[in-house]
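Asks: Structure here, sequence nowhere to be found:
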């Protein structure tokens with residue numbers, strides 16, 4: 001079950017008094033315990049109500065009131081969302097929490113509604129299906145898609161090439177023989193034990209990942225990397241660097257969407273579209 005664990009406001013929190021260094025450290029350790037136990041999903045502290053606003057609904061009218069709000073004991077100073085087995089488990093965890101305030105304080109635990117609670121008013125499950133779709137959309141909004149390149153035994157050479165031609169920065173590199181877990185038997189082509197199992201590298205603001213793969217049979221097909229640079233001079237330089245030992249598929253030229261655009265496949269078989277972004281419409 002999910003519960004919201006609510007830290008009630010006090011005079012000190014409403015006055016904007018920040019927690020001491022000791023309390024911050026203690027709360028950080030408590031949060032770490034929650035995370036390790038698989039309990040904590042999210043949590044934050046709230047600024048005092050003097051920095052907030054309240055919207056009152058009366059039929060079709062909406063009235064906005066600026067803080068602060070007087071009912072201190074009814075205000076919230078922070079919260080967690082926890083996944084627990086029971087209210088009893090939530091209570092036991094709250095008992096372990098350091099006092100979040102300088103003075104006497106309260107922490108309230110409230111279970112969240114689950115869609116099953118509304119089954120009687122949603123007999124066909126349409127609302128539940130809609131909410132599940134929204135949940136999946138929210139989850140995917142924080143996802144990241146990153147290119148993962150397989151170089152068929154030439155990964156280290158490729159990384160050095162991108163360092164020289166595009167100013168790439170390698171942030172991590174692990175070889176197959178360095179893997180904490182043994183590589184499954186017969187997975188690697190003979191001689192690949194010292195090849196790159198995984199690497200991460202940056203080109204500009206983008207992070208890419210790379211590997212030698214398990215053998216030399218990998219080909220790049222069906223995609224290209226789009227490289228946008230700020231000036232035509234840098235576009236010319238990057239394009240020429242990538243074309244060295246590779247193939248120019250479309251020479252650099254002006255297009256209706258870019259003052260400088262070209263397509264090149266580098267010597268490792270990776271396709272690039274190199275461009276200067278056009279002016280926004």
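Replies: Thanks, I have it. Remember, it's a predicted structure, so these values are computed and weren't measured experimentally. Numbers count the residues shown, from 1 in each chain.
Asks: Please, where are all the helices along the stretch 51-200 of the chain?
Replies: 87-96, 126-141, 155-166 (DSSP state H, counting those that start in this stretch).
Asks: Give me the buried positions along the shortest one.
Replies: Which is helix 87-96. By 16 or more other CB atoms under 10 Å, the buried positions in helix 87-96 come out as 90, 93-94. Backbone N, C-alpha and C define where each C-beta goes, glycine included.
Asks: Pick the one among those residues closest to residue 220.
Replies: Nearest to residue 220 out of those is residue 93 (CB to CB; 49.8 Å).
Asks: In this structure the closest one contacts residue 34, no?
Replies: Yes: Residue 93 lies in contact with residue 34 (CB atoms under 8 Å); the separation is 6.9 Å.
Asks: Now do the shared contacts for those two.
Replies: residue 82 (CB atoms under 8 Å, 6 or more residues apart in numbering).
Asks: If you average pLDDT over each of the helices of the stretch 51-200 of the chain, which is lowest?
Replies: Looking at those, the lowest mean pLDDT belongs to helix 126-141 (a mean of 89).
Asks: residues in contact with that helix?
Replies: 115, 118-119, 121-122.
Asks: who are the neighbours in contact with residue 50?
Replies: 14, 16, 67-68.
Asks: Now the buried members of those residues.
Replies: residue 14.
Asks: what helix or strand is residue 237 on?
Replies: Residue 237 is part of helix 232-243 when elements are defined by DSSP states H and E.
Asks: Same question for that helix: list its buried residues.
Replies: For helix 232-243, burial by neighbour count (16+ other CB under 10 Å) applies to 235-236, 238-239, 241-243.
Asks: can you give me the angle that helix makes with helix 155-166?
Replies: Interaxial angle of helix 232-243 relative to helix 155-166 (axes from the mean of the first three to the mean of the last three CA atoms, to 10 degrees): 160 degrees.
Asks: Which SSE is immediately downstream of helix 232-243?
Replies: Counting by DSSP H and E, what follows helix 232-243 is strand 247-253.
Asks: What are the contacting residues of that following strand?
Replies: By CB under 8 Å, 6+ apart, strand 247-253 touches 235-236, 239, 260-265, 271, 274.
Asks: Which one of those is nearest to residue 221?
Replies: Looking across the contacts of strand 247-253 and measuring by CB to CB, the closest to residue 221 is residue 271, at 9.1 Å.
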